[in-house]
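**Q** okay, here's the prediction I keep looking at, along with the sequence it came from:
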Amino acid sequence: GLPAGLLPKEVKSYTLSDNGTLEVLLDEPCLTKYENRVFFDSVVRANLSYGSLIGVVGLSQEELFLWLPVKDIIVNDPTSGLILFDIGLAHKQLSLSLFEDPPLCKP
């Protein structure tokens, strides 16, 4: 599955529809850091299935001074210890250990 620390502590609420659409609400947009800086909008949406968030909206990651939208987040093989962020132009693999605890997210 997905790691517990993928979403920030500041999540106010979330809903999961019957078709697998996940909607996460935060009080306000905020920044946090895993390996790079990450921006969460006040609403983040994606299609949730086991080990993946597909079609993510409301989440961006900083790469070389550019903010790129995160499209998909996937854990293909939990034993690999890696999580994959699809940022369109590239796939970024990060250690699952970065996502053990929900991060603090600052406005």
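**A** Done, it's in.
**Q** could you say which helix or strand contains the residue sitting furthest away from the middle of the chain?
**A** The centre of the chain is farthest from one residue, residue 18, which by CA atoms, centre = their mean lies 20.8 Å away. Assigned by DSSP states H and E, residue 18 falls within no helix or strand.
**Q** where does it fall, phi/psi-wise?
**A** With angles defined as degrees, to the nearest 10, residue 18 sits at phi -60, psi -30.
**Q** mind checking how far it is from residue 48?
**A** Computed as CB to CB, to the nearest Å, the residue 18 to residue 48 distance reads 12 Å. For the C-beta atoms, the positions are set from N, CA and C on the backbone; glycine is no exception.
**Q** now do the residue nearest to residue 89 when sequence neighbours are not counted, the pLDDT please.
**A** Excluding the flanking residues, the one nearest residue 89 by CB to CB, 6 or more residues apart in numbering is residue 68, at 6.7 Å. Residue 68 carries a pLDDT value of 94.
**Q** now do the phi/psi pair for residue 68.
**A** Backbone torsions of residue 68, given as degrees, to the nearest 10, read phi -110, psi 130.
**Q** and it, bridged to which residues?
**A** residue 61 (DSSP bridges).
**Q** quick one: contacts for the residue farthest from the centre of the chain?
**A** Residue 18 makes no contacts at all, as judged by CB atoms under 8 Å, 6 or more residues apart in numbering.
**Q** over to residue 39?
**A** 29-31, 59-62, 67.
**Q** in the one helix or strand it maps to, which residues are buried?
**A** Using DSSP H and E, residue 39 sits within strand 37-49. For strand 37-49, the neighbour count (16 or more other CB atoms under 10 Å) marks 38-40, 44-46, 48 as buried.
**Q** can you dump the C-alpha coordinates of that strand into PDB?
**A** Output of strand 37-49 as PDB, limited to C-alpha atoms (Å, rounded to 0.1, in the frame of the first residue of the first chain):
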ATOM      1  CA  ARG A  37      10.000  20.800  -1.800                       C
ATOM      2  CA  VAL A  38       6.400  19.800  -2.400                       C
ATOM      3  CA  PHE A  39       3.300  22.000  -2.700                       C
ATOM      4  CA  PHE A  40      -0.100  20.800  -1.500                       C
ATOM      5  CA  ASP A  41      -3.100  22.800  -2.700                       C
ATOM      6  CA  SER A  42      -6.000  23.200  -0.300                       C
ATOM      7  CA  VAL A  43      -7.800  20.400  -2.300                       C
ATOM      8  CA  VAL A  44      -5.900  17.400  -3.600                       C
ATOM      9  CA  ARG A  45      -7.700  14.800  -5.700                       C
ATOM     10  CA  ALA A  46      -6.700  11.400  -7.200                       C
ATOM     11  CA  ASN A  47      -8.000   8.000  -8.100                       C
ATOM     12  CA  LEU A  48      -7.000   5.700  -5.300                       C
ATOM     13  CA  SER A  49      -6.200   2.000  -5.800                       C
END
